[in-house]
Every structure is written in structure tokens, then in C-alpha cells.
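Visitor: predicted model follows, preceded by the sequence.
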Amino acid sequence: MRHGSGLTVVEAVEEGWWYTAPVADGRRVLASLTDANLSAARIAHNTACLIDSTVSAPEIRAILIESEFVPISGGFTAAHSSVLNPCDAPGWLAAGDASISFDPLSAQGFCMHSLPDWLQPRRSTPTLQAITMPCPGIAV
């Protein structure tokens, strides 16, 4: 088996973490996650610099070399937490991922799953007239 062949790999580095995983047709996805205020974020729009910066992640870099990784396109997006406000209007309601997202490093999926029953999100009424939460000030 080749180094990292067929595996999803996450590697922590000083300014964030790297992620790579195999996808269809023998291709591979590569992602770098960092905070916008760190120097690592300044290279996010330059694919060549981004690939060169994998030197800080030796496991990821070895996988890219052995898989003969060639980037075919690149992109940049923010992955911070956000809440849609308002998340409802007459006749519609945004729920789940349509209404809220979390920074991938915040472990909110785990935290939400671990909430006691009285804090779990409640179902709306069939007419979507109201959603009630048992504790004011807690957004779920």
C-alpha cells in the first residue's frame, strides 16, 4: 500500500491543520484550514504557494508527492460560525444547516449531540407559526 493510499488524513500544524482525502477517478482533495488573521491565510488564494506550504505538514506532503497530486482548481472560503437571522418568515422556516453553521474546529456537532433533552431543538408546529425554546438566550 502506498503512503496514505485511500486514506483521509488530517495533520495539525502550528497555524491550523491540513486535510487530504481521495475522491473519484483517483483524484485527491487538499484543504488548509487556519484563522483569517494568521499568516497562513495570506497564501490561500495562490495555489502554488499553498502547495509549497505543505512543507509544514510532512505526512500530507508525502501523500501528495506519492499520489502525484496536481491541483486542477482552487478556492477559498470562510468556515466560521454563523447564524441566519431571521431564520423564519411567513410560510418558511430555515432549519438545521440552513439556519446555523459552526467553525469546524469548534466541536459543536459533538456538543449539540450531547445536550440534555430539555436543551435539544424542538419541532415546529405544523403551520410553522412558532418555535419555542425552553431557555431564553440559548440558540440551538
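Guide: Good, I have the coordinates.

Visitor: going forward, measure contacts and count neighbours with C-alpha atoms only.
Guide: Fine.

Visitor: show me what S101 is bridged to.
Guide: Beta-bridge partners for S101, by DSSP bridges, are S82.

Visitor: which residues touch it?
Guide: Neighbouring residues of S101 by CA atoms under 8 Å, 6 or more residues apart in numbering: H80, S81, S82, V83.

Visitor: how far away is it from T77?
Guide: Between S101 and T77 the computed distance is 13 Å (CA to CA, to the nearest Å).

Visitor: before we move on, what about G91?
Guide: For G91, the distance to T77 - CA to CA - is 31 Å.

Visitor: thinking again about what came up before, would you turn the contacts of S101 into JSON lines with pLDDT and neighbour count?
Guide: Listed next are these as JSON lines, based on pLDDT from 0 to 100; neighbours: other CA atoms under 10 Å:
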{"residue": "H80", "pLDDT": "70", "neighbour count": "13"}
{"residue": "S81", "pLDDT": "72", "neighbour count": "13"}
{"residue": "S82", "pLDDT": "77", "neighbour count": "11"}
{"residue": "V83", "pLDDT": "78", "neighbour count": "14"}
